[in-house]
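A.B. asks: the following comprises the amino acid sequence and a computationally predicted model.
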Amino acid sequence: MKKSVNQIMFAAGALVVWEGLALAKIWPPYLFPTPQGVAQSLYDGFKDHSLLIGIGVSLRRVVIGYVISVVLGILLGMALASNKFLEDTLGRVILSLQSLPSSCWVPIALLWFGLSETAIIFVTITGSLLAVTQATKSGFDNVPRILSMAGRNLGAKGPQMFWHVLLPASLPYLIDGLRQGWAFAWRSLITGEMIYISLGLGQLLMTGRDLNDINLVVAVMVLIALLGYIVDGVLFRKLDSSIRQKWGMATAATS
């Protein structure tokens, strides 16, 4: 309860400061919007369905790209954790590529796939894949050796060892990697959607820029941040809590 009150108070204070800066006219209105102007843009966008269409298109793309990156990332991370040669070679490459921002993949996406839906999804995958891979590898690398030994002594091997020993022990790292991968996928998606007219939220950002409409730009930014927060708070936090309780880790600190 206290946490919710603090969040509401902080949001109210931020709105007051925002309104005060707008009224002070430190920047011209076309560069610094008012809360009322942004709220009006949100209202108009939902009324004419442009924001609803943008949200639907963007969520569909990010889900496709994210699911692909999770499947590939988990398989690749497991391979790196179980093979020393791959860890010393491909693992080093993956670690280096993690420093690349998602915008670096846009030219390659355009050359390979042209101005297409596939190019946007490719950028989304590249933004998320490496984070999931690294988290999966770290999870399996950090499984205490005594757990593996105990599992073997109890007769666990192959799929049993994976499902009942290695996977539960690596879940805290894996869940953190999935959350981080989602955040990277969401940011990469917006970057990809700014490539061309694609009906997503990224394209609406570019529309606001082209029309010199700062209210629309900030309104779309608010939506992007809000959707990211909702998915993290509703999906990943509950998933984290549920899995910790199921596997007997409820006493561990949750992020």
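C.D. replies: Received the coordinates, thanks.
A.B. asks: quick one: the helices in the protein?
C.D. replies: 2-24, 35-47, 50-82, 84-88, 90-97, 106-113, 117-141, 145-153, 159-161, 167-193, 201-210, 214-230, 237-246 (DSSP state H).
A.B. asks: what's the most buried one of those helices?
C.D. replies: Highest mean neighbour count among these (mean count of other CB atoms under 10 Å): helix 117-141, with a mean of 24. Every residue, glycine included, has its C-beta placed from N, CA and C.
A.B. asks: what angle sits between it and helix 90-97?
C.D. replies: 120 degrees (axes from the mean of the first three to the mean of the last three CA atoms, to 10 degrees).
A.B. asks: tell me the helices and strands packed up against helix 117-141.
C.D. replies: The helices and strands touching helix 117-141, judged by 3 or more CB pairs under 8 Å, 6 or more residues apart in numbering; DSSP states H and E, are helix 50-82, helix 90-97, helix 106-113, helix 167-193.
A.B. asks: mind running it again at 10 Å?
C.D. replies: helix 50-82, helix 84-88, helix 90-97, helix 106-113, helix 167-193 (3 or more CB pairs under 10 Å, 6 or more residues apart in numbering; DSSP states H and E).
A.B. asks: let's have those in TSV, adding distance to Thr207.
C.D. replies: Below are those laid out as TSV (distance: least, CB to CB, whole Å):
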stretch	distance to Thr207
helix 50-82	9
helix 84-88	44
helix 90-97	32
helix 106-113	19
helix 167-193	11
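A.B. asks: in CSV: these, plus mean pLDDT and distance to Gln7.
C.D. replies: Below are the helices and strands packed on helix 117-141 laid out as CSV (pLDDT from 0 to 100; distance: least, CB to CB, whole Å):
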stretch, mean pLDDT, distance to Gln7
helix 50-82, 91, 23
helix 84-88, 87, 42
helix 90-97, 85, 36
helix 106-113, 91, 36
helix 167-193, 84, 20
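A.B. asks: so which of those helices comes closest to Ile121?
C.D. replies: With CB to CB as the criterion, Ile121 lies closest to helix 50-82 of the helices and strands packed on helix 117-141, at 4.7 Å.
A.B. asks: just the angle between the closest one and helix 35-47, please?
C.D. replies: 90 degrees.
A.B. asks: and helix 50-82, how far out from the chain's middle?
C.D. replies: Computed by CA atoms, centre = their mean, to the nearest Å, the separation of helix 50-82 from the middle of its chain amounts to 9 Å.
A.B. asks: again with stretch 120-127
C.D. replies: 12 Å.
A.B. asks: start the count at 732 instead of 1 going forward.
C.D. replies: I'll keep to 732 as the first residue from here, and by that count the last item is stretch 851-858.
A.B. asks: now the residue positioned nearest the centre of the chain: how far from Leu970?
C.D. replies: In the chain, the residue lying closest to the centroid (CA atoms, centre = their mean) is Ala914, at 1.6 Å. Separation of Ala914 from Leu970 (CB to CB, to the nearest Å): 15 Å.
A.B. asks: surely Thr820 touches Asn814?
C.D. replies: Yes - if you go by CB atoms under 10 Å, Thr820 and Asn814 touch, sitting 9.5 Å apart.
A.B. asks: can you list residues touching both of those two?
C.D. replies: Counting by CB atoms under 10 Å, 6 or more residues apart in numbering, Thr820 and Asn814 have no common neighbour.
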